[in-house]
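Peer 1: Provided below are the primary sequence and the corresponding predicted coordinates.
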Amino acid sequence: ERDPGAAVVGYSQEVVVLLGADSGGSGGVGQRVRSVIAQVAGDGGGGRRRFTTGISRVAQTPGELPRAYEQARQAARVGRRMHGPGSVAEFDDLGVYRLLSQIPDTAELRSFTAETLGELAETGSPEKDDLRTTLETLLDNNLNVAETARLLHFHYNTLRYRIGKLERMLGPFSTDPHLRLNLMVALRAVRMRDLRG
């Protein structure tokens with residue numbers, strides 16, 4: 001209905017759809033795919049209520065289709081890990097998760113997170129999980145203490161105390177941009193690891 005020339009192939013574990021892209025580029029592709037998903041999911045989808053979808057970059061030539069297929073599969077894998085079944089992920093929006101998902105040696109990734117985060121790499125302890133959340137929120141807000149305190153519902157001085165504690169544990173991340181980068185990557189790796197199971 002949306003693209004009469006679309007190719008659809010059904011396999012036992014996946015359905016591959018090739019939609020034509022508008023000449024305007026890839027800007028509206030994600031929106032078009034989400035619209036198709038909304039139509040197919042639920043009653044209109046023959047019982048397929050929750051399925052994960054990966055969206056590749058636009059393939060300009062038929063020779064680029066194998067790469068686009070792999071991009072869509074990777075987006076679906078990462079989307080499922082990060083957001084669970086029923087998620088929609090675009091390859092271009094994966095960011096650092098795109099790189100982390102390609103590391104075949106999970107032991108090396110675990111080693112990196114353990115060396116970078118120290119005891120905060122361990123999950124399951126409410127205190128450590130709370131400190132890791134504080135660190136991640138602080139880094140995600142570019143070390144803006146006031147905004148981080150607001151988001152975490154902490155008093156400004158409470159957050160200042162936590163920052164001091166985190167720097168004693170991890171090093172001077174507030175003044176060392178390389179350490180901040182390592183911490184941000186390690187935090188993303190922990191999130192992927194936890195969701196991967």
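Peer 2: Received the coordinates, thanks.

Peer 1: Show me what secondary structure element comes after the helix or strand harbouring Val36.
Peer 2: In the assignment (DSSP states H and E), Val36 maps to helix 29-40. Per DSSP H and E, the first helix or strand lying C-terminal to helix 29-40 is strand 53-55.

Peer 1: Can you name the next helix or strand after that following strand?
Peer 2: helix 65-83.

Peer 1: Can you tell me which helices and strands the helix-or-strand element of the chain with minimal mean pLDDT packs against?
Peer 2: Lowest on mean pLDDT, DSSP states H and E among the helices and strands of the chain sits helix 29-40, with a mean of 75. Where contact means 3 or more C-beta pairs under 8 Å, 6 or more residues apart in numbering; DSSP states H and E, helix 29-40 is packed against strand 53-55, strand 88-90. Using the backbone N, CA and C atoms, a C-beta is placed for each residue, glycine as well.

Peer 1: most tightly surrounded among those strands?
Peer 2: strand 53-55 (a mean of 24; mean count of other C-beta atoms under 10 Å).

Peer 1: my guess is Gly118 contacts Met169, does it?
Peer 2: Yes. Gly118 is within contact range of Met169, at 6.0 Å (criterion: C-beta atoms under 8 Å).

Peer 1: re earlier: would a markdown table of the helices and strands packed on helix 29-40 with distance to Gln31 and mean pLDDT be doable?
Peer 2: As requested, the helices and strands packed on helix 29-40 are exported to a markdown table (distance: least, C-beta to C-beta, whole Å; pLDDT from 0 to 100):
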| stretch | distance to Gln31 | mean pLDDT |
| --- | --- | --- |
| strand 53-55 | 10 | 89 |
| strand 88-90 | 10 | 88 |
